[in-house]
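In: got a sequence here, can you build the structure:
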Amino acid sequence: MPRERSVSLLLALAALAAAPRARAERQTQRPVFLFDLPPEPPVPSPPPGRDQQERPRRAGELVARLGFALPVCHGDASGLSRCDSTETGEGLGLGALWRVAPHVALGLEGSVARFGIDAASGWARSSWVGAVVRGYFLDRGWLDPYVQTGLGRGSIDTAYDDGAAEVRLSAAGLGTMVGAGLDFWISGHVKAGPAVFYHWTFFGDGRACAGGVCSAASVATTGAVASSISLSLVLSAAIGPEM
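Out: Got it, this is the predicted structure:
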């Protein structure tokens, strides 16, 4: 009998010792969602090459263009300037632009075109420099189409030998221009594409010299290459912060 009481006492003590441990195990085995918030879903990483595909624009552009220029005569085309004998020439342009908004840029641009004068061993050179405004149609992507207009100063110089003396004519006046182009982005900082421009200068009186004797002359009488149409390849370098 005493032995059975000892065994019962030992079993009761063991049960009392195991009760806290069992209670703790039951608490730890409760569902996690009763105590913790669900984990946040992982943030998906952007697809590789996304910036390269979007081609974000940069604020500044340095522009150079080279192409062909077609002269357009005003005044008496068969006058002293021999404008009707002027041939298609080459054109060159340089400019700098800064985007004041993703679709609008302001800047300065200058261009020059040189034409030959058929059968007279002479030349005619027109130039234009002024302020320009460019409007862009897209602010992302590989294509970058635009239109442009400007206002500045234009000039024309003509020289040839008529067999008896050298003849030179010059004139200058208010000039304007319009143009449009389509650029293709080659890299994040370089783009290139074709463009067409039309330059027009409002000439009044000019200066004509023959054999060293000079006098005022009306462009309406002498004629002059007062405007030109150019088809060019434009190369641009994008600089500055991204828009």
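
In: use CA for all of it now, contacts and neighbours both
Out: Fine.

In: from W123, how far off is A224?
Out: 12 Å (CA to CA, to the nearest Å).

In: higher neighbour count, these two?
Out: Taking other CA atoms under 10 Å, A224 and W123 do not tie; A224 has more neighbours (34 against 20).

In: partner residues bridging the more buried one?
Out: Judged by DSSP bridges, the bridge partners of A224 are H74.

In: which residues does it contact?
Out: 73-77, 81-83, 156 (CA atoms under 8 Å, 6 or more residues apart in numbering).

In: can you check V196 too?
Out: 179-181, 229-232.

In: need those residues in TSV with secondary structure and distance to G193, can you?
Out: Putting these into TSV (DSSP: H, G, I helix; E, B strand; the rest coil; distance: CA to CA, whole Å) gives the following:
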residue	secondary structure	distance to G193
G179	strand	13
A180	strand	11
G181	strand	7
I229	strand	17
S230	strand	14
L231	strand	11
S232	strand	8
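
In: identify the farthest-apart pair in those residues.
Out: G181 and I229 (13.6 Å; CA to CA).

In: low-confidence ranges in this structure?
Out: For the chain, the stretches with pLDDT under 70 are 1-40, 43-53, 119-120.

In: domain parsing for it?
Out: Domain assignment for the chain by automatic domain parsing gives 2-31, 60-242.

In: looking at those domains, which is buried most?
Out: domain 60-242 (a mean of 19; mean count of other CA atoms under 10 Å).

In: returning to that earlier point: could I get the contacts of V196 as a markdown table with distance to S187?
Out: Listed next are the contacts of V196 as a markdown table, based on distance: CA to CA, whole Å:
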| residue | distance to S187 |
| --- | --- |
| G179 | 24 |
| A180 | 22 |
| G181 | 18 |
| I229 | 30 |
| S230 | 26 |
| L231 | 24 |
| S232 | 21 |
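
In: chain center to whatever helix or strand S228 lives in: distance?
Out: Using DSSP states H and E, S228 falls within strand 224-242. With CA atoms, centre = their mean, to the nearest Å as the basis, strand 224-242 stands 10 Å off its chain's centre.

In: T221 belongs to a helix, doesn't it?
Out: Yes: under DSSP: H, G, I helix; E, B strand; the rest coil, T221 falls within a helix.

In: helix, strand or coil: sort out P56 for me.
Out: Assignment for P56 (three-state DSSP): coil.

In: skip the chain neighbours and tell me the closest residue to it.
Out: R140 (5.3 Å; CA to CA, 6 or more residues apart in numbering).

In: that neighbour against P102, yeah?
Out: No: using CA atoms under 8 Å, R140 is not in contact with P102; the gap is 9.5 Å.

In: run through the bridge partners of L231.
Out: Beta-bridge partners, per DSSP bridges, of L231: F68, V196.

In: any idea how far E166 is from it?
Out: From L231 to E166 the distance is 32 Å (CA to CA).

In: likewise for L94?
Out: 32 Å.
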